[in-house]
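[1] just to be clear, the model below is a prediction. Sequence and coordinates:
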Amino acid sequence: MKRFILTGIVLLGGVTGEALAICAGTKFTASSQTVTLLSGKTICQRPTPASDWEWQEYHTPTVAFVGNIIDYKKGPADPVDPTKTVGTYSINSRGGITYTYTGGGSYAFTIFDQGSGVYNFCDATGNTVQVSGATVKPGQVSCN
């Protein structure tokens, strides 16, 4: 029994270490960094082994650190799956961001710059990756 518990602790430590490694890089610590990165831009992220999230969301320019989230889907002119506002985002003074979706759900993140235009979004404590390998495009555009 003790061997089983010890093995579990060692494995858990390994997983935590991996999550912390992904939640590394240059941490955003000021609202101005997050506004510059996301305001008026589309965030693109495809599912990865570290994250099953998929984003293709345009962030309207912020007004007092708040903006709308617009899911690009298949574009504004698509008759079946058009672009649609799906919620709001707000940026705090420490550079963190909270997404609140119209259908429910609110998610708070800390952003880490991985270099070369790649960003990881970790839970608000900065310990567990939620979105890995996100890129940002200027304007409201498709990620494809």
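    Arrived safely, thanks for sending. Numbering: from 1, shown residues only.

[2] what about the closest residue to C23 other than its chain neighbours, how many neighbours?
    Among residues not flanking C23 along the chain, C122 sits closest, at 3.9 Å (C-beta to C-beta, 6 or more residues apart in numbering). The C-beta positions use only the backbone N, C-alpha and C, and glycine is treated the same way. The tally of other residues near C122 (other C-beta atoms under 10 Å) stands at 24.

[3] now for whichever strand or helix holds C122, which elements pack on it?
    Using DSSP states H and E, C122 sits within strand 118-123. Judged by 3 or more C-beta pairs under 8 Å, 6 or more residues apart in numbering; DSSP states H and E, the packing partners of strand 118-123 are helix 2-22, strand 106-115, strand 129-138.

[4] pairing partners for it, with directions?
    Paired neighbours of strand 118-123 in the sheet (DSSP bridges): strand 106-115 (antiparallel), strand 129-138 (antiparallel).

[5] which residues touch that strand?
    Outside strand 118-123, the residues that touch it by C-beta atoms under 8 Å, 6 or more residues apart in numbering are 19, 22-23, 25, 37, 97, 108-114, 128-136.

[6] give the buried subset of those residues as a ChimeraX selection command.
    Restricted to buried positions by 16 or more other C-beta atoms under 10 Å, the ChimeraX selection for the contacts of strand 118-123 reads:
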select :19,22,23,37,97,108,109,110,111,112,129,130,131,132,133,134
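
[7] what sits against the residue nearest to Y72 when sequence neighbours are not counted?
    Sequence neighbours aside, Q56 is the residue nearest to Y72 in space, at 4.5 Å (criterion: C-beta to C-beta, 6+ apart). Neighbouring residues of Q56 by C-beta under 8 Å, 6+ apart: T42, I43, C44, D71, Y72, K73, S142, C143.

[8] repeat that for 10 Å
    The contact partners of Q56, by C-beta atoms under 10 Å, 6 or more residues apart in numbering, come to 42-46, 70-74, 83, 137, 141-144.

[9] kindly provide the distance from the residue nearest to C23 to Y58.
    22 Å (C-beta to C-beta, to the nearest Å).

[10] low pLDDT regions in this protein?
    Within the chain, the segments meeting pLDDT under 70 span 1-21, 47-53.
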